[in-house]
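> Sequence below, structure please.
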Amino acid sequence: MDDSQNLRSQEALTLAADAAALLLASGAETSRAQETAEILFRAFGTGELQAYVLTNGVIAVPLEHSLPGGVRNVPNSSVNLTRVAAVNELSRQAAAGRVSLAQARCRLDEIRHLPELEDWKQILACGIGCACAGVMFGGGPLEAVAASIAGVCVQALLLWLARTGINRIFSRLAGAALVVSVFTLMVLPGLNQNPPTIGALMPLTPGVALTMSIRDFISGDYLSGTIRLIDALLTAGCIACGVGLALMAWAFVLGGGAR
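Have a look, this model is predicted:
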């Protein structure tokens, strides 16, 4: 393999590893990240790529021994389906030969810098979702309003904690405690607190982690599936601890008057 082919394959390897890492950071499953890396390298490089993807890292090694492998660490991830869809579209265009290596590199950089949804939109969506969940769990209009208020408070807290660098597990604990505190202080005649409380806790639940765990198990990636399952169980445990600690604290403050 001459120097020009080596250079092109090295650039393709970098692109493939970066794309897989971006997918993981955006909440995609490991099998999707692995397949995307292999497709991109096959489209622009020489030979085949052996990619090994976990929930928090990517190891990509070309079968040609003259090229060094690529390693990417993905310590944190969040759900951003817009980026996932954009990387998937890029891999399809690369496989079809509709983009060059330089164009794919530029496009991946653009995808990485796609703006996040504005805070007020996230807060509004959380409020509406919590209201719908409160109704789904047996509440009426009053319960829907109460769940919406709690959901707005929780999402605002989560956004603030994310900016301060607080661990996601501890932010879930604080969010669950906030939900209980809101409904402890919310004394409204005729309010059934169970439906809105459950509805307001729904944004904290590890639904994505649990779903991805099941998908990893089905695809035969038992290690990644186990890691995601542990993450989901830890998050659920922190939600339960947050609720329990808040109930105990308010029972102590109110002298047993917390409902």
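
> shaky segments in the protein?
Within the chain, the ranges that satisfy pLDDT under 70 run 1-4, 64-69, 187-189, 255-259.

> For it, just list every one of the helices.
Applying DSSP state H to the chain gives helices spanning 3-25, 30-44, 81-95, 101-112, 119-136, 141-164, 168-185, 194-201, 207-218, 222-253.

> For Val74, which of those is the nearest?
The closest of those to Val74 is helix 3-25. By CB to CB, the value is 4.4 Å. Backbone N, C-alpha and C define where each C-beta goes, glycine included.

> what's the closest one packed up against?
Helices and strands touching helix 3-25, by 3 or more CB pairs under 8 Å, 6 or more residues apart in numbering; DSSP states H and E, are helix 30-44, strand 49-54, strand 57-62, strand 70-73, helix 81-95, helix 101-112.

> now these as CSV including mean neighbour count and distance to Gly242?
CSV is the format used below for the helices and strands packed on helix 3-25 (neighbours: other CB atoms under 10 Å; distance: least, CB to CB, whole Å):
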stretch, mean neighbour count, distance to Gly242
helix 30-44, 23, 29
strand 49-54, 20, 28
strand 57-62, 21, 29
strand 70-73, 16, 29
helix 81-95, 18, 27
helix 101-112, 16, 33
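
> okay if I get those as CSV plus distance to Ala249?
Formatted as CSV, the helices and strands packed on helix 3-25 follow (distance: least, CB to CB, whole Å):
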stretch, distance to Ala249
helix 30-44, 39
strand 49-54, 38
strand 57-62, 39
strand 70-73, 38
helix 81-95, 37
helix 101-112, 42
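
> Gly199 is nearest to which of the ones you listed?
helix 81-95 (22.8 Å).

> and the closest one, what does it pack onto?
When contacts are defined as 3+ CB pairs under 8 Å, 6+ apart, helix 81-95 sits against helix 3-25, helix 30-44, helix 101-112.

> could those be laid out in a markdown table, adding distance to Ser91?
Output for those, formatted as a markdown table (distance: least, CB to CB, whole Å):
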| stretch | distance to Ser91 |
| --- | --- |
| helix 3-25 | 7 |
| helix 30-44 | 5 |
| helix 101-112 | 9 |
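
> So for Leu161, which of these sits nearest?
helix 3-25 (18.7 Å).

> how many degrees apart are the closest one and strand 57-62 in direction?
If you take axes from the mean of the first three to the mean of the last three CA atoms, to 10 degrees, helix 3-25 sits at 160 degrees to strand 57-62.

> got the buried residues for helix 3-25?
9-25 (16 or more other CB atoms under 10 Å).

> Kindly report the same for stretch 223-231.
For stretch 223-231, by 16+ other CB under 10 Å, it's 224-225, 227-229, 231.

> Same check on stretch 241-257?
242-243, 246-247, 250.

> Tabulate the residues you listed (JSON lines), appending distance to Val61.
Shown next, in JSON lines, are the buried residues of stretch 241-257 (distance: CB to CB, whole Å):
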{"residue": "Gly242", "distance to Val61": "42"}
{"residue": "Val243", "distance to Val61": "46"}
{"residue": "Ala246", "distance to Val61": "49"}
{"residue": "Leu247", "distance to Val61": "51"}
{"residue": "Trp250", "distance to Val61": "55"}
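
> Quickly name whichever of the residues you listed is closest to Arg172.
Nearest to Arg172 out of the buried residues of stretch 241-257 is Gly242 (CB to CB; 6.9 Å).

> With adjacent residues omitted, what lies nearest to that closest one?
Of all residues not flanking Gly242 in the chain, Ala176 sits nearest, at 3.0 Å (CB to CB, 6 or more residues apart in numbering).
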